[in-house]
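A.B. asks: need a 3D model of the sequence below.
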Amino acid sequence: MRVFLHICCGPCAIYPATFLRAQGLQVGGFFYNPNIHPHAEYLRRYEAVVTMSERLELDVIYPPYDDEEFSRRVDARTDRTRQHELCWRLRLTETARVARENGIEAFTTTLLASPYQDIEAIGRIGREVAAAAGVDFLFHNFRRGFSDSHRQSREWHLYHQNYCGCAASEKESAAARAKKMRQTGQTRVSY
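C.D. replies: Sure, this is the predicted structure:
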């Protein structure tokens, strides 16, 4: 069976792609993330996915970056829980649509690898958009491979982001880093 893997970033894709292949599935990737802000951040993540895909010999589709699509669909004034759900739905709906158009039977997402994401909500949304698109959604908790993926990605010198992607998460991350600096008496941010 062929599976379309929605990829949020290079480090998080390593374990899911490897795991799915070990299950005997044919895996292709889809780097669709109009939520990433700013464009320079998108490019850093894009380059990490390109490097990861070359290392794993994984074919990946890279649709054009359109952060205006995200802004049109996800209002910054909406509460954060709702923003997350809208963001996941936008990306998974497009993944399911492209999978169906390409005759791919199923899809899944690297969002299920992150310990920072609500995988139950992602699973629910994935099943809903899969049913609407007429494809299957493969739900698997990829978190068990998160540490190994990140260790491997550091060996490959892949870029590791420090926020989810959108402008709101960038602000939250910066505020959390600043708070930590104040608490520890640090005067410089280290990455």
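A.B. asks: partners of F107 in the sheet?
C.D. replies: Note on F107: beta-bridge partners F4, F137, judged by DSSP bridges.
A.B. asks: strands of this protein, start to end?
C.D. replies: Along the chain, the segments classed as strands by DSSP state E run 2-6, 26-30, 60-61, 106-109, 136-137.
A.B. asks: and these: which comes nearest Y159?
C.D. replies: strand 60-61 (15.7 Å; CB to CB). (Glycine included, C-beta is placed from N, CA and C.)
A.B. asks: check which strands are paired with that closest one and give the direction for each one.
C.D. replies: strand 26-30 (parallel).
A.B. asks: the partner strand vs strand 2-6, what angle?
C.D. replies: With axes from the mean of the first three to the mean of the last three CA atoms, to 10 degrees applied, the angle from strand 26-30 to strand 2-6 works out at 30 degrees.
A.B. asks: got a list of contacts for strand 26-30?
C.D. replies: Residues from elsewhere that reach strand 26-30, judged by CB atoms under 8 Å, 6 or more residues apart in numbering: 1-7, 13, 17, 20-21, 49, 53, 58-61, 63, 95, 98-99, 104, 107.
A.B. asks: of those residues, buried ones?
C.D. replies: With burial judged by 16 or more other CB atoms under 10 Å, the buried subset of the contacts of strand 26-30 is 3-7, 13, 17, 20, 49, 53, 58, 60, 95, 98-99, 104, 107.
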